[in-house]
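Q: Dropping the sequence and predicted coords here.
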Amino acid sequence: MAAAADSAEGVFVSKSGRALAFASSFTVCLLAAGALAITLLGRAHGPSITLDLPDGALPRAKPAPIRLAPQSITDGAVTGPVTKAIYAGKALVADPALAENTAQGPLPRIAEDGRKPMTAYAGPVPGGGKFKIAIVVNGLGMSALSTKAALDALPAGVTLGFAPYASDVGQWVANARARGHEVLLEIPMEPFDFPDSDPGPHTLRAGQEEDANTQRLAWALSRFTGYAGVTNLLGQRFLSDTDALSPVLTTLNRRGLYFFDNGAASQSVLPTVASQLGMPAAQSGAALDTIQTALEIDHRLSELETQARANGSAVGSAFLYPVSIARIAEWARGLQSRGFVLVPVSAIVTQPK
């Protein structure tokens, strides 16, 4: 199997290349954050990275009593317990009825009146257009420059996936919500070539105890608020393992979220397991930018239109490469004139029967 076929969002091209690319991304973010902090005496505004060491990496002192930190709101981003509804512009980012406050941070939940995060935090669905197309761009939140470029260029109908690692990812999410984007949380999941390709700390692992994966999932879910669903960060092996995936999807379904499979795992069991659990889900085909050229991306976008005409809707995924952002933005400008409408993923997920 070609290395590119096992990559997520097209960012990891080979085993060594993928590992190097991911490590380089973390290093650049750390160095940039440090340099900016020194220069501006602590007034850094770009994303920085905080990595938690795995359990047992250091000796543990006797745990102190757990206390919830006071709520803090910065540019629509929420830290601490959610005690009131928070908006970024007109978009809802946090609602106490949809949040379970924990020591780690707020977790999404279904409200007592039945409202779900997947509907409360869904992006707006524009009118017009006979055929629906959804596109997810992943990898936001790790690089300030790349994230800003994507937010500046992409139309609001594009759904955006954010990795959970940057310490101020909540501010980027609030920015995206204020601009009309639907947001996904990227859950780190085990690829086939782990640890050569490593999604980072708190990766969900196939073959691990269910409790361990549940704790790692809770960590990711508590990193920020305002997301309607989750998607996989890598995860080819994890998504191919029914025993590993089923309890995770059960937890996500009970919390009122949908799952978007970005197409990285050719052997994914997501559609089958989600159907069995009655969970809203959607699955992309191969990434639009597996081959990172304008010609190839344009060809894949044209194929999406063909699929939408045949099935009524279609969904694709990409990474925030500059060429991907540029081609998607250009393609979207003439979409309605061709009879299509760009919608968030929540508008086309397969609903349970």
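A: Great, that's in hand. Treat the numbers as computed from the prediction; the structure is a model and nothing was measured.

Q: For the stretch 101-250 of the chain, give me the ranges with low pLDDT.
A: Within the stretch 101-250 of the chain, not a single segment meets pLDDT under 70.

Q: Going along the chain, name the strands of it.
A: With DSSP state E, counting those that start in this stretch, the ranges of strands along the stretch 101-250 of the chain come out as 106-108, 131-140, 159-162, 183-189, 229-234.

Q: Mind putting the ones you listed into a markdown table with mean neighbour count and distance to Pro124?
A: Placement of C-beta: from N, CA and C, glycine included. Listed next are those as a markdown table, based on neighbours: other Cβ atoms under 10 Å; distance: least, Cβ to Cβ, whole Å:
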| stretch | mean neighbour count | distance to Pro124 |
| --- | --- | --- |
| strand 106-108 | 24 | 20 |
| strand 131-140 | 25 | 13 |
| strand 159-162 | 29 | 12 |
| strand 183-189 | 28 | 13 |
| strand 229-234 | 29 | 16 |
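
Q: Run a quick neighbour tally on the closest residue to Ser284 other than its chain neighbours.
A: Excluding the flanking residues, the one nearest Ser284 by Cβ to Cβ, 6 or more residues apart in numbering is Gly263, at 3.8 Å. The number of residues packed near Gly263 is 21, by other Cβ atoms under 10 Å.

Q: so who does Gly263 touch?
A: Contacts for Gly263 (Cβ atoms under 8 Å, 6 or more residues apart in numbering) come out as Gln283, Ser284, Gly285, Ala286, Ala287, Ser317.

Q: Neighbour-wise, give me the winner out of those.
A: For these, neighbours tallied by other Cβ under 10 Å; top is Ser317, 29 neighbours.

Q: Please tell me I have it right and that residue contacts Ala282.
A: No. Taking contacts as Cβ atoms under 8 Å, Ser317 lies outside contact range of Ala282: 10.1 Å.

Q: Need the residues touching each of the two.
A: Phe260.

Q: Now do the same for Ala286: helix, strand or coil?
A: With DSSP: H, G, I helix; E, B strand; the rest coil as the basis, the three-state label of Ala286 is coil.

Q: so what's it closest to, chain neighbours aside?
A: Gly263 (5.7 Å).

Q: ditto for Val315
A: Ala134 (4.3 Å).

Q: so what's the one you found up against?
A: By Cβ under 8 Å, 6+ apart, Ala134 lies in contact with 157, 159, 282, 313-316, 342-345, 347-348.

Q: And the helices in the stretch 201-350 of the chain?
A: For the stretch 201-350 of the chain, the helices defined by DSSP state H, counting those that start in this stretch cover 210-221, 242-254, 270-277, 294-311, 322-333.

Q: so which of those helices comes closest to Ala178?
A: Ala178 sits nearest to helix 322-333 of all the helices of the stretch 201-350 of the chain, at 18.6 Å, using Cβ to Cβ.

Q: now the angle from the closest one to strand 131-140?
A: Put simply, helix 322-333 runs at 160 degrees to strand 131-140, going by axes from the mean of the first three to the mean of the last three Cα atoms, to 10 degrees.

Q: Need the residues that contact helix 322-333.
A: 135, 137, 146, 149-150, 153-155, 157-158, 288-289, 292-294, 297-298, 301, 318, 342.

Q: what angle sits between it and helix 294-311?
A: Using the same axes, to 10 degrees: helix 322-333 against helix 294-311 is 40 degrees.

Q: and helix 322-333, which residues are buried?
A: Ser324, Ile325, Arg327, Ile328, Trp331, Ala332 (16 or more other Cβ atoms under 10 Å).
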